[in-house]
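*Asks:* Return atomic coordinates for the entry below.
(one chain, ligands or ions: 1)
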Amino acid sequence: MLDELFDLSLYQSLRALASGELAAILDRLIPIEARHFTFWQDFFGVRIGRLDLGRRLKLQLIVLACRLFGRSAIHLVLEAIVSKSGARSATGRGEQPCGAFWRTSSNTRTPS
Ligand SMILES: [Fe+2]
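*Replies:* Now for the predicted structure:
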């Protein structure tokens, strides 16, 4: 569940840096990830208001790297999340839709 909140927080942070096609992709990913996060909170009957310290630091480092290196870094981060989502799905700990969405988007149009 913290992973879903991390992904949602990351998408929201990257959206502030993105433009064009990447911004449009993030605009579509954010509500999907928000639904995942809500689903898992409802499923387990708990509410999580913020990330733990480790994930907050990881988020800040990734956002800093994306600020420094721009569009290419954002693209790499999204690709990495797809891999992570696929791994979670394979182990039954995650859901496919957000990774599947990005795979479909990047297969049809490769962001530059
Ligand atoms: Fe998700």
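*Asks:* When you work out contacts or count neighbours from here on, use the C-alpha atoms and nothing else.
*Replies:* Fine.
*Asks:* List the contacts of L5.
*Replies:* Residues near L5 by C-alpha atoms under 8 Å, 6 or more residues apart in numbering: A34, F37, R50, L51.
*Asks:* Let's verify it: helix, strand, or coil?
*Replies:* Assigned by DSSP: H, G, I helix; E, B strand; the rest coil, the conformation of L5 is helix.
*Asks:* next helix or strand past the longest helix seen in the chain?
*Replies:* Longest helix of the chain, by residue count under DSSP state H: helix 20-44. As assigned by DSSP states H and E, the chain's next helix or strand after helix 20-44 is helix 53-69.
*Asks:* Next, the angle from the next helix or strand after that following helix to helix 20-44.
*Replies:* Next in sequence after helix 53-69, counting helices and strands by DSSP H and E, comes helix 71-90. On the basis of axes from the mean of the first three to the mean of the last three C-alpha atoms, to 10 degrees, helix 71-90 is oriented at 30 degrees to helix 20-44.
*Asks:* Taking helix 53-69 as reference, get the angle to helix 71-90.
*Replies:* Put simply, helix 71-90 runs at 150 degrees to helix 53-69, going by the same axes, to 10 degrees.
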